[in-house]
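**Student:** I'll drop the sequence and a predicted model, then ask my questions.
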Amino acid sequence: GVPWEPVIISGLVGLVTVLFYLSSNVQYGTICSVLCVIGKERCMAEQVAQLLDEKCKVLETLSKVQQEVHLFLKFIFYVIVSNQIMVLEESVKTCDKETKMFQSQEEQVIVAFNQMPYLSVHYHYIMKTPTLQGETTLKVYSMNSDRLQRNLETAGEENALLQENNGHLRQQLDGWAERVSELEEEMKRCEHAHSGMLQDVATKDERIMSLTDRLLQMRAWDSDLEEVQGTKGEKETSNGTAASGETNGAIIDPQGHLQKVQKLIHAAKLNADLKSVDEDKDRIFAKLNDEVKAKEDLQGSIKDLENEKLSLHSDTIHFTEQVQVLQQKLQIMTEMYQENELKLHRLLTVEEKERLQKEEKLTKADKNIAMAMEELTNYRQRAGEMEEELEKTKQSYQTQISSHEKKAHNNWLAARSAERELSEIRRENTLLRNKLTDTQFKLEAIEKDPYALDSLARPLSPYGLSPLGRPASETRAFLSPPTLMDGPPNRLSPRVVMRGPLEHPGDMERTGGPHSDSGSISPIWERDRRGPPPGSMSGPMPGGPLGPLPGPLPGLPGNMAPPGLC
């Protein structure tokens, strides 16, 4: 007999292969359906991603528009504040100019008051006050008109800027309207796609319901088949065909198991597909809700932009009305200024006539003052010239005096040198006289006693014998003064000389004393006895041969000799 185990194993392997082939076919169909669903899901996901990107772009553009609107409002506020600041700065500048004008006028008045007499300044100021008032009023009116003109120009510029900004905003609104229309079309497309997806989901739900019904029917059929098979088996056993029944039951049982396994696999796949479809459904509904919310947000932002547009339009209308009111005010002010200008022109003509008359009087007074000033300048120039001439003459006299004093001093020095020469000649004469007396005495002694020469010569010569054995009186030069080798000469004049009562205390320094190199050696009594030397002044002066020098004259350099012999 053949063993039953390999037969059973081969049968089981065949069943497994059959089940594998059947399951592969079923899986292929399910895979195709799943791939189709996945492709649709991808398409839907791409559409949703595109919608989300567009939503992000729209939100970014909305944020940019809000920022631009905020910046525009800030710019309007800044322009208004800057205009007010400009007006205040102009008013401050005008006040500064007026203060500077008043200060300059005060300085001019002070200068005129210092330069001109009081009456002329008073008349001039009285004459200038109405003209200055008229000029100040005209300047004030002109400044006010310039200010209003500048305000109008700034308002016109602001209006132009607002109109340009309004045009830009309108263009942006048109672009946003086009963008919103495009988004609405895309939303319609998404709604159509959503409706299609809902229909697909409904069809899938119907299919799932039909599949569940069929599964339930199959389960009922399985239970019915089992019951039928059970009844058949009981009948066959009752008829005595147990063997054949066992073989048929063995054949029917594996077929029923295979069908049950296939049904269970198919049911599990269907359950998985149902779960995936439910998840996709929930996801799509969430995306739809997000898109609806984004649509509502976009509609709210569009409404806000429209409201801002209306507010900006109302602001532009308000500014245009203000510009019109300012133009009307400017026209009224210009008319008033013209009337005031005419009145001021009339007043100025009258004041100009009076001013011309007063100016003529002032010109005459100025001419007289100018003549007096010219005379004063001429007198001052003459006085300066006279002073210069006096200084020149004084300098010339001083130079002449100094030259005469120099000449007198030179003459005085020449007289002193001549007096020295005379004193030297007198000294030499005395020496020669002494020598003559000595020689006469010696000659007389030689005539009496020729051998008594040595005895007589030694005591008489104070210097002793010469180196050759001769007496000193014979070896000396006859007319030359004694040298230092011979010894100091005998001083014949006294050392101390009494000065007179009229001698100046500084004469000793100038003359060098009675025994200086510049003074004479002979005594005073001999000079008084002999009289003045030739060429000197008549009568001796006390304190020296020429007398003391007088003190310095006033206005002359000190320690100079007085004018003497020229």
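**Tutor:** Perfect, thanks for sending it.

**Student:** Check what pLDDT Lys93 gets.
**Tutor:** pLDDT for Lys93: 76.

**Student:** where's it, which helix or strand?
**Tutor:** Per DSSP states H and E, Lys93 falls inside helix 4-115.

**Student:** Can I get stretch 85-102 in PDB, CA atoms only?
**Tutor:** Only the C-alpha atoms of stretch 85-102 are listed here, as PDB (Å, rounded to 0.1, in the frame of the first residue of the first chain):
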ATOM      1  CA  ILE A  85       6.800 122.400  11.400                       C
ATOM      2  CA  MET A  86       7.700 124.300   8.200                       C
ATOM      3  CA  VAL A  87       5.100 126.900   8.900                       C
ATOM      4  CA  LEU A  88       6.400 127.300  12.500                       C
ATOM      5  CA  GLU A  89      10.000 127.400  11.300                       C
ATOM      6  CA  GLU A  90       9.100 130.100   8.700                       C
ATOM      7  CA  SER A  91       7.300 132.100  11.400                       C
ATOM      8  CA  VAL A  92      10.400 131.800  13.600                       C
ATOM      9  CA  LYS A  93      12.700 132.800  10.800                       C
ATOM     10  CA  THR A  94      10.400 135.800  10.100                       C
ATOM     11  CA  CYS A  95      10.600 136.800  13.800                       C
ATOM     12  CA  ASP A  96      14.400 136.400  13.700                       C
ATOM     13  CA  LYS A  97      14.600 138.600  10.600                       C
ATOM     14  CA  GLU A  98      12.400 141.200  12.200                       C
ATOM     15  CA  THR A  99      14.500 141.200  15.400                       C
ATOM     16  CA  LYS A 100      17.700 141.500  13.300                       C
ATOM     17  CA  MET A 101      16.100 144.300  11.300                       C
ATOM     18  CA  PHE A 102      15.200 146.100  14.500                       C
END
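
**Student:** what does it contact?
**Tutor:** Thr136, Met143, Arg147, Arg150, Asn151, Thr154 (CB atoms under 8 Å, 6 or more residues apart in numbering). In short, each C-beta sits where N, CA and C put it, glycine included.

**Student:** Closest one of the residues you listed to Asp438?
**Tutor:** Thr136 (123.5 Å; CB to CB).

**Student:** Please indicate which of the contacts of stretch 85-102 has the highest neighbour count?
**Tutor:** Asn151 (18 neighbours; other CB atoms under 10 Å).

**Student:** so when I look at that residue, I'm seeing a helix, right?
**Tutor:** Yes: per DSSP: H, G, I helix; E, B strand; the rest coil, Asn151 lies within a helix segment.

**Student:** Relative to Leu436, how far out is it?
**Tutor:** Note on Asn151: its distance to Leu436, by CB to CB, to the nearest Å, is 135 Å.

**Student:** Please apply the same query to Leu198.
**Tutor:** Distance, Leu198 to Leu436, by CB to CB: 184 Å.

**Student:** quick one: which of these two has more around it?
**Tutor:** A direct count of neighbours by other CB under 10 Å for Leu198 and Leu436 places Leu198 higher, at 14 against 11.

**Student:** following the helix or strand that one falls within, which helix or strand shows up next?
**Tutor:** Using DSSP H and E, Leu198 falls within helix 118-239. Counting by DSSP H and E, the next helix or strand C-terminal to helix 118-239 is helix 242-448.

**Student:** That next one - contacts with which helices or strands?
**Tutor:** helix 4-115, helix 118-239, helix 453-460, helix 472-475 (3 or more CB pairs under 8 Å, 6 or more residues apart in numbering; DSSP states H and E).

**Student:** Try it again at 10 Å.
**Tutor:** The contact analysis (3 or more CB pairs under 10 Å, 6 or more residues apart in numbering; DSSP states H and E) places helix 242-448 against helix 4-115, helix 118-239, helix 453-460, helix 472-475, helix 524-530.

**Student:** which of those helices has the lowest average pLDDT?
**Tutor:** Looking at those, the bottom one is helix 472-475 with a mean of 39.

**Student:** any idea how far Ala155 is from Trp412?
**Tutor:** Ala155 sits at a distance of 106 Å from Trp412 (criterion: CB to CB).

**Student:** Over to Leu312?
**Tutor:** To Trp412, Leu312 is 119 Å away according to CB to CB.

**Student:** Gln395 too?
**Tutor:** Separation of Gln395 from Trp412 (CB to CB): 25 Å.

**Student:** out of those two, which sits in the more crowded spot?
**Tutor:** Comparing Gln395 with Trp412 by other CB under 10 Å, the one with more neighbours is Trp412, at 18 against 10.

**Student:** quick one: pLDDT of that one?
**Tutor:** pLDDT, Trp412: 92.

**Student:** what do you get for Ser403?
**Tutor:** Confidence score, pLDDT, at Ser403: 90.

**Student:** What is the burial count for it?
**Tutor:** Other residues close to Ser403 by other CB under 10 Å number 10.

**Student:** circling back to that earlier point, would you list the contacts of stretch 85-102 in TSV and tack on distance to Lys442?
**Tutor:** Listed next are the contacts of stretch 85-102 as TSV, based on distance: CB to CB, whole Å:
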residue	distance to Lys442
Thr136	129
Met143	134
Arg147	138
Arg150	139
Asn151	143
Thr154	142
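
**Student:** Closest to His168 out of those residues?
**Tutor:** Nearest member of these to His168, counting by CB to CB, is Thr154, at 20.7 Å.

**Student:** roughly how far apart are the closest residue to the closest one other than its chain neighbours and Leu326?
**Tutor:** Closest residue in space to Thr154, ignoring its immediate chain neighbours: Asn83 at 5.4 Å, by CB to CB, 6 or more residues apart in numbering. Distance, Asn83 to Leu326, by CB to CB: 12 Å.

**Student:** Spit out the residues that contact these two alike.
**Tutor:** The contact sets of Asn83 and Leu326 overlap at Asn151, Ala155 (CB atoms under 10 Å, 6 or more residues apart in numbering).

**Student:** Cool, thanks, talk later.
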